[in-house]
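**Student:** Structure of the sequence below:
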Amino acid sequence: MKENYTLLCDFYELTMANGYFELGKKDEIAYFDLFYRTVPDGGGFAIAAGLEQVIEYVKNLHFTEEDISFLRSKGLFSEAFLDYLRTFRFTGDIYAVPEGTPIFPNEPILTVKAPTIEAQFIETYLLLAINHQSLIATKANRVVRASEGRAVAEFGARRAQGADGAILGARAAYIGGCAATATTSSDRDYGVPSTGTMAHSWVQMFDSEYEAFVSYCRTYPHNATLLVDTYDVLKSGIPNAIRAFREVLLPQGITKCGIRLDSGDITYLTKKARKMLDEAGFTECKIVVSNSLDENIIRDIIRQGAKVDSFGVGERLITAKSNPVFGGVYKLVGVEKGGELIPKIKISENPEKITTPHFKKIYRIYDNETGKASADLLCVWDEEIDPKEPLEIFDEVQTWKKKTFDNYTLRELLVPVFKDGECVYASPSIGEIREYCLAQVDTLWDEVKRFENPHHYYVDLSEKLWNVKHMLLHSGGKYHK
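**Tutor:** You can find the predicted model right below:
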């Protein structure tokens, strides 16, 4: 991490930290969960991403003298607190689901156990990192699933919200299943394969479209994908591309080539283009399309019989235009008093804003006969389940709705990332994360992956956790054994 993002925080993190310090609460242990409430675009699940940036941030967390001088100028913070910030580091524990994991509402994506000031202070950046990349990874996965096996490249840097939105957005899109990005720095910094050929300006720069195509084929004979819609796709673009391929590539024994369409009626034009290319003998020529695509447009043109080999998806992916806010939150779920963990709950008149208390673990339940993920079970951190015994789960609200598993496998989703301030997690390569993501999405039932009205995936509470939550609800948040 090249920049110090320590002050990339909400100002109230600092006022609360100063307050905790002055009240002698800085060493009390707090537990926070980071989770989200609603799946973007009405989908059935989201994709976790952004953990690598969280790790970099926590490792680098420190206040410089310039930071401290700035805070002194605000006139709100005690000198003792400012002096404490000079040696401030994260010393707690963090647990998280691995990047690329399908995640569901109201279950922890990440849990922090740390001294109060530390646990509270990192809220903003953790939410920023997880919210943004999980949003883009989720959108990318929808686009990739809509493409039905055709490669998708992320093309959105010029429409992204800032440099990090472009660079980290490309990283997240790759995790979600995209095959490449047009953003070169994402390749250099994160290993996301970069791709690209020409813009319309290349074609306009030459005296004729034919000359532009020939020049490009001569310069890049093994990467000749020609943009054919600068003037007229069917009357000049494709005929000139065929002529250039025939005159430049074929004498070299090269048959691998491509055309790209960036405008017009994609379904109609690709059908015509495919026919013209095949009749000219260029059956291996690939057709790439772009132009404000998203999962819905892609799904429609495929259903209409468009002849497309791959897609370039830009602004509607990199900004998640249809639903641009992930909505993750960071809530206190417990504190330690005299070495005892005291669960905490947030109660609201809006039922969806009521939190699930306690330090928790997540079990994902897989049906052994199908290999499919059937449900997630939230448990108190010290609960153990014997997979040799039948497991009964029940709906948190409609408790009479129950399901029993007899032949199943369990996997704990939350893994240790930091222990006593030290990183204990070896981050996989970006390629490994992408492969893991696609494999895990494949464990979901098709009904959960529907774009419209997906099946509700069950995230239930263990009986022990359910009892704690309802005790706190009925006691106004006061915990008693």
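**Student:** only C-alpha atoms for contact and neighbour calcs from this point on.
**Tutor:** Noted.
**Student:** Strands of the stretch 251-400 of the chain, start to end?
**Tutor:** All strands of the stretch 251-400 of the chain, identified by DSSP state E, counting those that start in this stretch, fall at 258-261, 286-289, 310-313, 328-337, 340-343, 360-367, 373-380, 391-394.
**Student:** nearest to residue 181, of those?
**Tutor:** Of all the strands of the stretch 251-400 of the chain, it is strand 310-313 that lies closest to residue 181, at 8.8 Å by Cα to Cα.
**Student:** Name every strand pairing with that closest one and say which way it goes.
**Tutor:** Strand pairing for strand 310-313, using DSSP bridges, gives strand 151-154 (parallel), strand 286-289 (parallel).
**Student:** Ranking the strands of the stretch 251-400 of the chain by mean neighbour count, which comes first?
**Tutor:** Of all those, strand 310-313 has the most neighbours on average by mean count of other Cα atoms under 10 Å, namely a mean of 24.
**Student:** So for that strand, mean pLDDT?
**Tutor:** Averaged over strand 310-313, pLDDT sits at 98.
**Student:** before we move on, the earlier item: could I get the strands paired with strand 310-313 as TSV with distance to residue 269 and mean pLDDT?
**Tutor:** Output for the strands paired with strand 310-313, formatted as TSV (distance: least, Cα to Cα, whole Å; pLDDT from 0 to 100):
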stretch	distance to residue 269	mean pLDDT
strand 151-154	19	97
strand 286-289	10	98
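**Student:** The strands of the stretch 251-400 of the chain: which one's closest to residue 19?
**Tutor:** Across the strands of the stretch 251-400 of the chain, closest to residue 19 is strand 328-337 (Cα to Cα), at 16.8 Å.
**Student:** To residue 438, which of the strands paired with strand 310-313 lies closest?
**Tutor:** In terms of Cα to Cα, the element of the strands paired with strand 310-313 nearest to residue 438 is strand 151-154, at 13.4 Å.
**Student:** Just give me how far that closest one sits from the chain centre.
**Tutor:** 16 Å (Cα atoms, centre = their mean, to the nearest Å).
**Student:** contacting residues around it?
**Tutor:** Here strand 151-154 makes contact (Cα atoms under 8 Å, 6 or more residues apart in numbering) with 143-144, 170, 173, 177-182, 195, 309-314, 317-318.
**Student:** State the phi and psi torsions of residue 390.
**Tutor:** Residue 390 adopts backbone torsions of phi -60, psi 140, taken as degrees, to the nearest 10.
**Student:** Chain neighbours aside, what residue packs nearest to it?
**Tutor:** With sequence-adjacent residues excluded and distances taken as Cα to Cα, 6 or more residues apart in numbering, residue 390 is closest to residue 406, at 4.7 Å.
**Student:** give me the number of residues near that neighbour?
**Tutor:** Number of residues near residue 406 (other Cα atoms under 10 Å) recorded here: 13.
**Student:** Contacts only, for it.
**Tutor:** Counted by Cα under 8 Å, 6+ apart, residue 406 has contacts 388-391.
**Student:** Check the residues you listed against residue 291 and report the nearest one.
**Tutor:** Distance to residue 291, by Cα to Cα, is smallest for residue 391 among these, at 49.6 Å.
**Student:** is it true that that closest one touches residue 409?
**Tutor:** No: counting by Cα atoms under 8 Å, residue 391 stays clear of residue 409, with 10.6 Å between them.
**Student:** For residue 96, give its distance to residue 128.
**Tutor:** Taking Cα to Cα, to the nearest Å as the measure, residue 96 and residue 128 are separated by 15 Å.
**Student:** Tell me which of the two has more neighbours.
**Tutor:** A direct count of neighbours by other Cα under 10 Å for residue 96 and residue 128 places residue 96 higher, at 21 against 18.
**Student:** nearest to residue 118, of the strands paired with strand 310-313?
**Tutor:** So among those, strand 151-154 is nearest, using Cα to Cα, at 36.2 Å.
**Student:** for the stretch 51-200 of the chain, what spans make up the strands?
**Tutor:** Counting by DSSP E, counting those that start in this stretch, the strands of the stretch 51-200 of the chain are 93-96, 102-103, 110-115, 151-154, 180-181.
**Student:** Tell me which of those strands sits most buried.
**Tutor:** Most buried of the strands of the stretch 51-200 of the chain, by mean neighbour count (mean count of other Cα under 10 Å): strand 180-181, with a mean of 27.
**Student:** Tell me the confidence at residue 13?
**Tutor:** For residue 13, the model assigns a pLDDT of 97.
**Student:** For it, which residues are in contact?
**Tutor:** By Cα under 8 Å, 6+ apart, the contact list for residue 13 reads 120-121, 123.
**Student:** Please flag which of those residues sit within helices.
**Tutor:** 120-121, 123 (DSSP state H).
**Student:** Among those, which one sits closest to residue 33?
**Tutor:** Distances from residue 33 to these, taken by Cα to Cα, are shortest for residue 123, at 9.9 Å.
**Student:** May I have the residues that are in contact with the residue nearest to the closest one when sequence neighbours are not counted?
**Tutor:** Leaving out its chain neighbours, the residue that sits closest to residue 123 by Cα to Cα, 6+ apart is residue 330, at 6.5 Å. When contacts are counted by Cα under 8 Å, 6+ apart, residue 330 is found next to 32-35, 123, 127.
**Student:** where does residue 330 sit relative to residue 36, distance-wise?
**Tutor:** If you measure residue 330 against residue 36 using Cα to Cα, the figure is 9 Å.
**Student:** before we move on, back to that, filter the ones in helices among the contacts of residue 13 to the buried ones?
**Tutor:** 120-121, 123 (16 or more other Cα atoms under 10 Å).
**Student:** Specify which member of the residues you listed is nearest to residue 460.
**Tutor:** residue 123 (25.8 Å).
**Student:** burial count for residue 223?
**Tutor:** 15.
**Student:** among the contacts of residue 330, which are in helices?
**Tutor:** With helices defined by DSSP H, the entries of these inside them are 123, 127.
**Student:** Name the member of the contacts of residue 330 that has the highest neighbour count.
**Tutor:** Comparing the contacts of residue 330 by number of neighbours (other Cα under 10 Å), residue 33 comes first, having 29 neighbours.
**Student:** Please report how far that one lies from residue 155.
**Tutor:** Going from residue 33 to residue 155 by Cα to Cα gives 34 Å.
**Student:** Residue 243 too?
**Tutor:** Separation of residue 243 from residue 155 (Cα to Cα) stands at 28 Å.
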